[in-house]
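structure of the sequence below:
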Amino acid sequence: MNLYTEDVQHHCVGHIGLITLNRPKALNALSLDMVRELTHVLQMWQNDPQVWAVAIRGCNKEGPFGAFCAGGDIRYFHQAALSGDASLEDFFTEEYSLNHLIQNYPKPYIAFMDGIVMGGGMGVSQGAALRIVTERTLMAMPETHIGLFPDVGGGYFLSRCAGSIGEYLALTGQVLRGGEALTVDLADACAASADLPALWQGLSEKSWSDAAAMLAWLREQTQATTQAAVAQSPAWKAPALDAVFSLHTITEMVQALQVQIQDEQAKATATDDGSTWASQTLDALRHRSPLMLHVTLELVRRGRQMSLAEDLRLERDLVRHCFNTDHLARRGVSSETVEGIRALAVDKDRQPKWQPSRIEEVTSEMVLPFFESPWPSSAHPLRHLS
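Residues are numbered from 1 along each chain as shown. Alright, predicted model coming up:
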């Protein structure tokens with residue numbers, strides 16, 4: 001029997017612990033109860049000598065797989081922030097603790113990342129020993145679109161992508177297909193979606209000598225598909241990406257994109273619809289929260305020099321400031337994050353009223369206080385992470 005919720009199903013077969021995220025109507029978005037259940041199960045299994053490895057998958061309305069996890073439950077975030085529900089604080093503290101547990105899990109943890117893998121879904125998969133994607137995978141960290149930042153360890157794992165790809169993914173929220181995730185080291189193997197049930201079943205039916213044999217078998221079964229998936233370079237991986245996203249500020253990035261667009265127009269190199277990588281990228285940035293773009297860039301840059309524990313503690317500071325932006329006298333409904341969620345998921349007008357409204361209007365005085373912890377180190381809610 002589950003301790004907290006039927007939205008997380010788990011059982012052991014042989015020497016493998018199997019977890020299914022079972023909230024298909026919400027695309028398996030994580031609730032606080034789900035975070036607690038996952039933590040409970042993983043802590044229980046890490047001390048069980050009969051459990052050699054753990055595998056996790058999502059489900060869809062028709063059956064297993066098809067949607068891994070769409071992130072945290074942003075509707076809950078919105079309601080909790082407006083009502084002053086203290087459980088919102090608990091959610092982020094416990095979710096980030098879960099992310100740390102997974103990243104440091106002492107046994108192989110295998111993530112079957114079919115379908116949507118976004119936000120919190122990345123947090124419960126990026127720490128896996130084997131991250132398996134499919135041709136149906138849609139992976140992203142799209143938090144700047146709702147006035148938030150790429151959390152759940154995003155400052156850590158995105159900053160470790162090659163070159164300036166981490167900045168690009170964090171700022172734009174670019175969606176990656178399965179093969180694209182492989183090319184930026186956010187996945188390890190690719191399988192055909194139709195083959196996942198057999199792989200899952202094989203983990204529990206075969207006789208294994210140890211956990212390493214399980215991983216070796218999965219890698220062997222997915223080798224051909226993986227090689228085929230990385231054969232094509234993604235269209236968004238433009239030659240100018242590193243040059244633009246390595247620049248010091250968001251404003252400089254925008255200016256560089258504008259120059260590139262002008263050059264392309266002068267040389268008539270645009271595609272038939274007038275759309276180029278530079279124009280698409282600039283358009284994406286212009287629709288994100290200007291304030292949180294600046295905060296996100298600072299997070300990724302700092303994250304490169306941080307351990308996972310340090311990054312998660314910083315992200316915990318940031319998320320408190322996102323909902324309680326006291327240095328800008330903004331809380332609850334007036335906060336950037338609540339406004340972003342309102343526009344995307346509540347009223348669905350897709351017309352967020354960002355403050356400031358333009359990238360060029362954001363100042364360092366607006367950004368740097370986000371990086372000041374509201375807690376002394378001895379009282380930080382994630383002080384236990386090491």
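
any idea of the pLDDT on Ala240?
Per-residue pLDDT puts Ala240 at 92.

and for Gln232?
Here, the pLDDT recorded for Gln232 equals 68.

likewise Arg75?
Per-residue pLDDT puts Arg75 at 94.

cool, the one 3 residues further on as well?
His78 is assigned 95 on the pLDDT scale.

just the element for it, please.
When elements are defined using DSSP states H and E, His78 is found to belong to helix 74-83.

am I right that Asp90 is in contact with Asp33?
No - counting by C-beta atoms under 8 Å, Asp90 stays clear of Asp33, with 11.0 Å between them. All C-beta atoms are positioned from the backbone trio N, CA, C, and that covers glycine.

mind splitting the chain into its structural domains?
If you go by automatic domain parsing, the domain ranges for the chain are 8-137+176-229, 241-379.

closest one to Gly147 among those?
domain 241-379 (3.0 Å; C-beta to C-beta).

what's the end-to-end length of that closest one?
Its first and final residues considered, domain 241-379 spans 41 Å by C-alpha to C-alpha, to the nearest Å.

before we move on, what about stretch 299-318?
Distances were taken as C-alpha to C-alpha; on that basis the terminal residues of stretch 299-318 are 9 Å apart.

give me the contacts around that stretch.
Taking C-beta atoms under 8 Å, 6 or more residues apart in numbering as the criterion, the residues outside stretch 299-318 that touch it are 92-93, 96, 99-100, 103-104, 149-156, 158-160, 166-167, 170, 295, 370-375, 380-383, 385-386.

of these, select the buried ones using a ChimeraX command.
Buried residues within the contacts of stretch 299-318, by 16 or more other C-beta atoms under 10 Å, are selected in ChimeraX with:
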select :92,93,96,99,100,103,149,150,151,152,153,154,155,156,158,159,166,167,170,295,370,380,381,382,385
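
just the contacts of stretch 299-318: which are in helices?
Using DSSP state H, the subset of the contacts of stretch 299-318 located in helices is 92-93, 96, 99-100, 103, 154-156, 166-167, 170, 295.

and which of those is nearest Pro356?
In terms of C-beta to C-beta, no member of the ones in helices among the contacts of stretch 299-318 lies closer to Pro356 than Val295, at 12.6 Å.

I figured that closest one hits Phe149, correct?
Yes - Val295 is in contact with Phe149 according to C-beta under 8 Å; the separation is 5.5 Å.

got the end-to-end distance for stretch 202-219?
Stretch 202-219 end-to-end distance (C-alpha to C-alpha) = 13 Å.

now swap in stretch 188-197 and tell me
Start to finish, the residues bounding stretch 188-197 are 19 Å apart (C-alpha to C-alpha).

what of stretch 24-37?
Between the opening and closing residues of stretch 24-37 lies a distance of 17 Å (C-alpha to C-alpha).

stretch 9-26 too?
Start and end residues of stretch 9-26 are separated by 16 Å (C-alpha to C-alpha).

just how off-centre is that stretch within its chain?
Mean C-alpha position of stretch 9-26 versus that of the full chain (C-alpha atoms, centre = their mean, to the nearest Å) differs by 21 Å.

going by neighbour count, list what's buried in it.
So for stretch 9-26, counting by 16+ other C-beta under 10 Å, buried means 9-10, 14-24, 26.

next one: stretch 36-56
When neighbours are counted by 16+ other C-beta under 10 Å, the buried residues of stretch 36-56 are found to be 36-39, 41-42, 45-46, 51-56.

hang on, the earlier thing: ok, which pair from the ones in helices among the contacts of stretch 299-318 is furthest apart?
Pairwise distances across those (C-beta to C-beta) peak at 27.0 Å, for the pair Thr93 and Glu167.

check the offset of stretch 356-374 from the chain's centre.
For stretch 356-374, the gap between its own C-alpha mean and the chain's C-alpha mean amounts to 22 Å (C-alpha atoms, centre = their mean).

now do stretch 249-258
A distance of 25 Å separates the centroid of the chain from that of stretch 249-258, by C-alpha atoms, centre = their mean.

and stretch 136-147, by the same measure?
Taking the mean of its C-alpha atoms, stretch 136-147 sits 7 Å from the chain's own mean (C-alpha atoms, centre = their mean).

the residue nearest to Phe370 when sequence neighbours are not counted: which element?
Once flanking residues are discounted, Phe370 sits nearest to His321: 4.7 Å by C-beta to C-beta, 6 or more residues apart in numbering. Per DSSP H and E, His321 falls inside helix 308-323.

show the average pLDDT along that helix.
Mean pLDDT, helix 308-323: 98.

can you give me the angle that helix makes with helix 74-83?
Going by axes from the mean of the first three to the mean of the last three C-alpha atoms, to 10 degrees, helix 308-323 is angled at 60 degrees with respect to helix 74-83.
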